[in-house]
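Asker: missing the sequence, but the structure's below:
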């Protein structure tokens, strides 16, 4: 198949990464495939739900990034992969998997995808979504309570004990590796139009 473009979309929790990803998916449809770093959280069957809920999910060691790197390399070669699926309700990897087929554009999304040098070097365009911390925590609370069945207290505790310090230690510094910094994610119409044009040029086989 023709050359595949790999786009990385990183940023803190609740920054608007998924909104931006969804806008690109809506615009380009079957030409865009998305791989989520969240699905590569390590499996912890040896732990109880209570033990798993106390793990630090915002540290690079929480992810099986080596497997994701292997999968991205295969997609870039035009080979389909079988991605894991993570179940946030039980804090563990599901027994289900999902087939992902190579397309003209692969979007890789996750908070820490720029932190790993090998993964970072596989990305043709690195986009960091930058949003105010107050907005991000409010979005995370709404998402985790409504969509993931968490209590307000557990979300706030997790944010203060692991999410915020890990963001400052790993996520924020990785912004320096980005090619483009987008304020407010998919709601930034000017940045979105520029990204869409760059992808359009690739999909249509035009020289930029």
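Answerer: Received, thanks. Not measured: the values here are computed from a predicted model.
Asker: how far away is residue 15 from residue 159?
Answerer: Using Cβ to Cβ, to the nearest Å, residue 15 is found at 14 Å from residue 159. Placement of C-beta: from N, CA and C, glycine included.
Asker: so residue 191 makes contact with residue 182?
Answerer: Yes - taking Cβ atoms under 8 Å as the definition, residue 191 is a contact partner of residue 182 at 4.4 Å.
Asker: let me see the contact set for residue 181.
Answerer: Applying Cβ atoms under 8 Å, 6 or more residues apart in numbering to residue 181 gives the contacts 127, 128, 130, 175.
Asker: in JSON lines, list those residues along with secondary structure.
Answerer: Output for the contacts of residue 181, formatted as JSON lines (DSSP: H, G, I helix; E, B strand; the rest coil):
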{"residue": "127", "secondary structure": "strand"}
{"residue": "128", "secondary structure": "strand"}
{"residue": "130", "secondary structure": "strand"}
{"residue": "175", "secondary structure": "helix"}
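Asker: buried residues in stretch 35-46?
Answerer: Buried residues in stretch 35-46, counted by 16 or more other Cβ atoms under 10 Å: 35, 36, 37, 38, 39, 40, 41, 42.
Asker: quick one: low-confidence parts of the protein?
Answerer: Applying pLDDT under 70 to the chain flags the ranges 1-2, 206-208.
Asker: can you map out the helices along it?
Answerer: 17-28, 49-53, 65-76, 117-120, 133-146, 152-158, 164-166, 172-174, 189-203 (DSSP state H).
Asker: for those helices, which one sits closest to residue 107?
Answerer: Closest to residue 107 of the helices of the chain, according to Cβ to Cβ: helix 17-28, at 5.5 Å.
Asker: what lies in contact with that closest one?
Answerer: For helix 17-28, the external contacting residues (Cβ under 8 Å, 6+ apart) are 7, 9-11, 32, 34, 105, 107, 109-111, 127, 129, 182, 185-187, 192, 195-196, 199-200, 203.
Asker: now the residues you listed: which count as buried?
Answerer: Buried among these (16+ other Cβ under 10 Å): 7, 9-11, 32, 34, 105, 107, 109-111, 127, 129, 182, 185-186, 192, 195, 199, 203.
Asker: among those residues, which are located in strands?
Answerer: If you go by DSSP state E, the buried ones among the contacts of helix 17-28 have 7, 9, 10, 11, 32, 34, 105, 107, 109, 127, 129, 182 in strands.
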